[in-house]
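Asker: Show me how the following folds:
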Amino acid sequence: MGDLALVSSSAAGALGEIAAPGVTKAATLARWTAARGIAPRQVWAVGDAPNDLPMLTWAGRAFAVANAHPDVLAAASVTVPSNADDGVAALLGTAAALARSRSSHHRTTTRSLEDA
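Answerer: This next block holds a predicted model:
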């Protein structure tokens, strides 16, 4: 579509997406995290289709669902179970557990410092 739009495929080629140049998941996520002081290395991203590749390349940790497009599987550092097996939900559960343990550790450390 020339300079007016970028066409990409998702859902194993069954779905096309049209966006203005520069409007990608990666660009939007980069703006959102920068506004909040979050570095790319702190971001986890998960994808399944070629339209996710820029986001996976940008993020500090790239995950792909097991049924992802081969290019996405190659770009990801970790593969989670497929969409049908709730792979994203499992990943979110892991992220939530890590956040809880870090928060608990931070509170314990803070209390220890305050007691000293």
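Asker: what's the spacing between Ser104 and Thr57?
Answerer: 33 Å (CB to CB, to the nearest Å). From N, CA and C alone the C-beta is placed, and that goes for glycine too.
Asker: With Leu29 instead?
Answerer: With CB to CB as the criterion, Leu29 and Thr57 are 11 Å apart.
Asker: The two: who's more crowded?
Answerer: Leu29 (18 against 12; other CB atoms under 10 Å).
Asker: any idea which element the more buried one lies in?
Answerer: Secondary-structure assignment from DSSP states H and E places Leu29 in helix 25-35.
Asker: List the neighbours of that helix that are in contact with it.
Answerer: Helix 25-35 is contacted from outside by 39-40, 42-43, 45, 51-52, 54-55, 57-59, using CB atoms under 8 Å, 6 or more residues apart in numbering.
Asker: what mean pLDDT does it have?
Answerer: Averaging pLDDT along helix 25-35 yields 95.
Asker: Buried ones in that helix, by neighbour count?
Answerer: Under the neighbour-count criterion of 16 or more other CB atoms under 10 Å, helix 25-35 has 25-26, 29-30, 33 buried.
Asker: If anything else comes up later, I'll come back, but that's it for now.
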